[in-house]
Structure formats: structure tokens, C-alpha cells
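Participant: Got a predicted structure here, sequence first:
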Amino acid sequence: MKVRLKRILGTGTVLVFGFYLLMGCGPAKQEKQLVVRNPADFDRTELASIPYQTFREHFPGNTAFRIIDPGSGKEVPYQLEKKGGDSIQNLLIWVSVRANDSLLLKVMAGQPDSIAPKTFARYVPERYDDFAWENDKIAFRMYGKALESRPDNAEGTDIWAKRTDKLIIDKWYKEADYHKDHGEGLDYYNVGMTLGAGDIAPVVDGKIVFSKHYRQHEVLDNGPLRSTFKLTYEPFQVNGQSVEVSKTISLDAGSQLNRVEVVYKLEKEDTLAVAAGIVLRKEEGQKISYPEAGITAYWEPAHGEDGHLGVAVLSKDPVRAVREVDGQLLTQYRASSGQPLVYYNGGVWDKAGEIKDAKAWRSYLKQFKMRLEQPLNVSIK
């Protein structure tokens, strides 16, 4: 649906924020608009991004502003993304755009309405150095140094099954009873000494080479619509050379998948064989593999009355291979020293009521891939 914005005319009126300039009886300057275009043939609700510097070139003035959808008259939520720096890098706008259509948005001076956070990430020192993060759909955690010496040590990415759009990390850790479903979900995913729900590690002669758990953490942005953090690991030995690794992970509101940017620094070689893995269960589940489309997924067997979890690894480009090794489904990549390798991982719980079977999970992942290939485009006119 296209919205036509009216030109505002007035006598002796001045409104300054770089958005409108109306003076005396002369003609008004053309009002600028944000235009969000959806090139895909399906409706979508997600974050659209525009470089903040570009935005400010067209809408200079005070830092306080509101974004309005003239069609509904409602304010559109947004986040100013800093990526860990002091200056704003991107304007992230939470929008709903119909298939093959555009949304016109108005920018106005004034303090925006506060919005309830939809994403959250934090270091959890009270639980063996966990690092946990979540959005309004799902939750995850990575294990820290304090867990390494314990008999319940585990290696990969953990999933917490949620069926609430509320943020539950702080509550569940405080109550310390999150292995039982009290109406919001639970943690029943068994990671063990595997890559769990899509973590990544080097592979040598068909065997995974695990590092120790992360040593440093840095929260780069923390909601309300995107949370991003960086985990850094101490050097470890891989096939006779020292390897360093860092992982920068982002989770957007409304998404079942994380964006993972991993950087390996190699002592000797230029490239390294690595794999993102999904642990398989002894009972029969449903494997989903489209290497040419960069999609590897698994629909787990039922866990008693807890239902089913779907897990996935996804990349924008085709992958080298997908293999089943030692009870894990491994998506194989080649990492170049010092260069970011980007992929996506995550999961879904059928009891959340939106994606209820393997077919729906497969459809979601195919559409997610199309979102990467046909991103929302934000322009100014």
C-alpha cells in the first residue's frame, strides 16, 4: 500500500529540524520521506537498516526524532546501532511491508515513545560464566571458563525453548528452575560435548577440534531491537599451528536465527577447514539438507511432553559439503585467516505455536534465505 503525504502550508510558521521548512507565504520545501521497499513476493516484518550518516545528511538537526507511518498514524520503533563504538553506525527500523510494495515513513522532531525491549544479552557470572542472549522468540547461551572443570561441562551452543514474547533470561536464572516448563518454556536441549545448535569449530581428518570456552566478552549493542556481542577465545592448537578465534553474534527481534561472524587468525596457513554442527539424537528425527542453498537443519524427535525443537545452520552462499560425523550434522566451510566467515544458526520450538513441524521449519528457512538475498531497501526521497 502506497501512502501519499500531504504538503503542509502555513503563514508565518517555522518548524526546524531539517525535516520541514515553512516560512512566510512562499511555497514549502518538498517534504522528504524514508522509503522502505520490499522486493520479495511475500509480506515481511523485520528490521530495515540505513547508514546513520546517510540519514543525517537528509534529516539534520536535533538528535531526538520520531518516525511515523502516515497510513496508520502510528509511531515506528527504531534503534540506533553503535556496534560497540561511540558513534551511531546505523538506523534500524522495525517495519511491516507487503510483498513487492513500499512503505513511506515520515520523520518528525521530538522524543520517540519508549518501547519494550525485544532482545537482550548478558554475561552470567552467577552460572559458571555463561553468556546468554534472547529475543521475543527464542533464547541461547554459550558456556564459559568456570564450567570447564565441572563434570557437567559441555561445548556448543545451547537453546532455551520459549513460548512467550517476554524476555526471560534474568527471571529463569534467578529462579534456577528452568529445566521445567512453568508456562513460558524451559531448557531441555542436551548439548554435551558437541557443537550443539550450530556452533563452529575447526575439523582435522574428520574430527572436530574444540577450543576452550570463551575468555572475553563484549556487548556491542543491547536492544531494544537488536543485540550484538563478541566472544573471544584464547589461542589453541589445530594440526600443529596456533589458532585464534572470535565470534560476533547478533540476534534481531522476531528472528529464529542468529547472525554469526567468526574470524580465525592462523599462525601458518592461509585457510582452515571448519564446520558448523547440529547434534543428532538417538531417536529418529528429520534431517533437512540443501547444500546448494546453504541450508542444513534438523527437526528433533519428541522429547517426551516437551515437544520438538528445530535447529538450523544457514548461509547466504552454497556450502562445501554437509556430512554426518560422530552423531552430528556438519556443514563444512573454508575459513580464510583474518577474514570474517558469516553464517546463521538458531532454532524453534513447536510449542511456541508458530512453526509446528519439519515442513513449516523448512519453509521458514527457505524464506529466511530469500530475505538475505532480497533485503529490505531503505532510501530517501
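Facilitator: Perfect, thanks for sending it.
Participant: Residue 156 is in contact with residue 200, isn't it?
Facilitator: No - Residue 156 sits out of contact with residue 200 when judged by C-beta atoms under 8 Å, with a separation of 9.0 Å. (Glycine included, C-beta is placed from N, CA and C.)
Participant: what is in contact with the two at once?
Facilitator: Shared contacts of residue 156 and residue 200 (C-beta atoms under 8 Å, 6 or more residues apart in numbering): residue 277.
Participant: Got the confidence number for residue 240?
Facilitator: On the pLDDT scale, residue 240 is placed at 94.
Participant: how many other residues sit next to residue 149?
Facilitator: By other C-beta atoms under 10 Å, 8 other residues sit near residue 149.
Participant: so it, which of the three states?
Facilitator: When classified by DSSP: H, G, I helix; E, B strand; the rest coil, residue 149 comes out as coil.
Participant: Now do the contacts for it.
Facilitator: If you count contacts by C-beta under 8 Å, 6+ apart, residue 149 has none.
Participant: Also residue 170?
Facilitator: Neighbouring residues of residue 170 by C-beta under 8 Å, 6+ apart: residue 122.
Participant: measure it to residue 217 for me?
Facilitator: From residue 170 across to residue 217, the span is 17 Å (C-beta to C-beta, to the nearest Å).
Participant: And residue 140, by the same measure?
Facilitator: 14 Å.
Participant: which residues does the spatially closest residue to residue 309 that is not a sequence neighbour contact?
Facilitator: Spatial nearest neighbour of residue 309, excluding adjacent residues (C-beta to C-beta, 6 or more residues apart in numbering): residue 300 at 4.8 Å. Residues near residue 300 by C-beta under 8 Å, 6+ apart: 281, 285, 308-311.
Participant: same question, residue 236
Facilitator: 209, 211-212, 242-243.
Participant: any idea which of those is closest to residue 76?
Facilitator: Nearest to residue 76 among the contacts of residue 236: residue 211, at 41.4 Å, using C-beta to C-beta.
Participant: Got phi/psi on the closest one?
Facilitator: Torsion angles at residue 211 (phi, psi; degrees, to the nearest 10) stand at phi -80, psi 180.
Participant: That one: what's it in contact with?
Facilitator: Here residue 211 is in contact with 201, 233-234, 236, 243, 245 (criterion: C-beta under 8 Å, 6+ apart).
Participant: Restricted to strands, list those residues.
Facilitator: The strands, defined by DSSP state E, take in 201, 233-234, 236, 243, 245 from those.
Participant: Much appreciated, bye for now.
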